[in-house]
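*Asks:* Could you look at this predicted model? Sequence included:
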Amino acid sequence: MIKIYSVWRYSSPYHHTELLKRKNNVFNELLFKIKRIPFDEHYHPSDSTRLTTNFANLARGENRQQNLRKALEMINNRFNSLADWDNPTGKRYAVELEIISVDIDIEKNNNDFPIIEVLKTSVLDTLHNKRYEGIVGNNFSSYVRDYDFSVLLLEHNKNKTDFSLPEAYGELHGKLFKAFLNSTAYKDNFSKQPVICLSVSSNKVYKRTQNIHPILGVEYQQDTYSLTDDYFAKMGLQVRYFMPKQSVAPLAFYFSGDLLNDYSNLELIATISTMESFQKIYRPEIYNANTVAGSIYQPSLSNQDYSSAQVDYDRVERSQLAVKQGKFAETHFIKPYQTILNQWVAHSL
C-alpha cells in the first residue's frame, strides 16, 4: 500500500517586507509530499515511477518476481560477506528497502509531479532480532534530471561541433534537491544526510590511492570531474570513489558532510551491498567483470570479460525511455511552471 507520510512547505529566504510584497505569488512556497513504498518481491512500480529506475526496471515483464527475488538475495549475500564479524553462517543480516517518493505540488491543488525518488535501507539483525536504520539516498531517480540530460543538453548541442552546457544548467534541479533536504519533513524523518551511490564514469581515468577505509575499501581519485559529478555538486553533494573488498571496480559516493565518519559500518555496508548489486545487474561489464580494477583504471562498457548476474534488465529500453521521461518532465512540469520556477530559482539560495 502506498502511504503519504508527510507534507511540508518550503519558504524562500526573503526579508519580511519582500514576503509581504510577494505574498500572492505561488513560488514563495513549494509543497512537497513524501510517500514510502516497500521494495520487496511483491513490488509493482507506481504510475509516477520512472521506468528506467533500477528497481522499477527489475519489476517488469514475465520474470519480474524472479528478478526481484534474485536481486534481494544478491543484496543480502553481499551484505553478509562484508559484515562478516560474529557472522559464521553468513546469514545473520537482511537488508530491507523502502522507496521514498517525493512529489511536488506547485499550485497546491493536488496536481502533483514526481520530483525525486530514492531508496532507504534498514538492516535486520536476525541474531538479536533488532532493526537498524540505514541511509536514505542510495539509488537516485529524477524526471527533471532526465529532462536536463536527455532533452535540454541534447538540444543545446544539436548540430554543434564543440560540446557546451546550457546557461544555468542543473540549477533548478539542484535547488529543488537542496530545498527538500533543508525541509522540516526531511529532518523529522531522516536523521542523517543522504548518500547516493552510482557507477563511475567510463569517460574518466581513476587512480588508486594509499587511503583504505575498513568498510568502503580502497579510495580512487580522478583528475577531472565528470558531467554527473558537476551536476551533483549543484545539489550540494561532493564525491569520493571507493572500491570495497571483494569488489572489482570503485563506486562513486555522493554525499554532504563526512562520508567516512558520519555513518556506521552497517549503514555503509547496506548502501554498498544494495548499489553494487544493482550495478552488477545494470553494468556487469564494469561491476561483474572477471578482472579487478588496477592501480590506474578506466571503466569500459565494451568489456567482454564479465559474468552475467542472470537477472533480466532491458538496457536498450532504458536508454529510449530516458528521452520520453525527459519529454514528460518538460510537458508536465518545466513548461507549465516555467515562469514560477525561474522566479523561485532566481530568489532562492
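*Replies:* That came through fine. Residues are numbered from 1 along each chain as shown.
*Asks:* distance of Gly137 from Leu266?
*Replies:* Distance, Gly137 to Leu266, by CB to CB, to the nearest Å: 15 Å. The way it works is simple: take the backbone N, C-alpha and C, and place the C-beta from them, glycine included.
*Asks:* Those two: which has the busier surroundings?
*Replies:* Higher neighbour count among Gly137 and Leu266: Gly137, with 24 against 21, using other CB atoms under 10 Å.
*Asks:* measure the more buried one to Asp305 for me?
*Replies:* 31 Å.
*Asks:* What of Glu285?
*Replies:* From Glu285 across to Asp305, the span is 9 Å (CB to CB).
*Asks:* For those two, work out which one has more neighbours and name it.
*Replies:* Glu285 (17 against 8).
*Asks:* Identify the residues contacting that one.
*Replies:* 300-304, 306 (CB atoms under 8 Å, 6 or more residues apart in numbering).
*Asks:* do that again at 7 Å, thanks
*Replies:* Glu285 makes contact with 300-301, 303, 306, according to CB atoms under 7 Å, 6 or more residues apart in numbering.
*Asks:* What of Asp112?
*Replies:* Counting by CB under 7 Å, 6+ apart, Asp112 makes contact with 33, 103-105.
*Asks:* wait, is Gln136 part of a strand?
*Replies:* Small correction: residue 136 is Val, not Gln. Yes - if the criterion is DSSP: H, G, I helix; E, B strand; the rest coil, then Val136 is within a strand.
*Asks:* any idea which of the contacts of Asp112 is closest to Tyr337?
*Replies:* Among the contacts of Asp112, Ile104 lies closest to Tyr337 (CB to CB), at 9.3 Å.
*Asks:* Can you tell me which of the contacts of Asp112 is nearest His44?
*Replies:* For the contacts of Asp112, the nearest to His44 is Asp103 (18.1 Å; CB to CB).
*Asks:* ok, how many other residues are close to the closest one?
*Replies:* So Asp103, with other CB under 10 Å, has 20 neighbours.
*Asks:* same thing with the one 5 residues further on?
*Replies:* Under the neighbour criterion other CB under 10 Å, Lys108 is assigned a count of 11.
*Asks:* Name the nearest residue to Val323, sequence neighbours excluded.
*Replies:* Nearest non-adjacent residue to Val323, counting by CB to CB, 6 or more residues apart in numbering: Ser150, 4.7 Å away.
*Asks:* Confirm the one you found sits in a helix?
*Replies:* Yes - according to three-state DSSP, Ser150 belongs to a helix.
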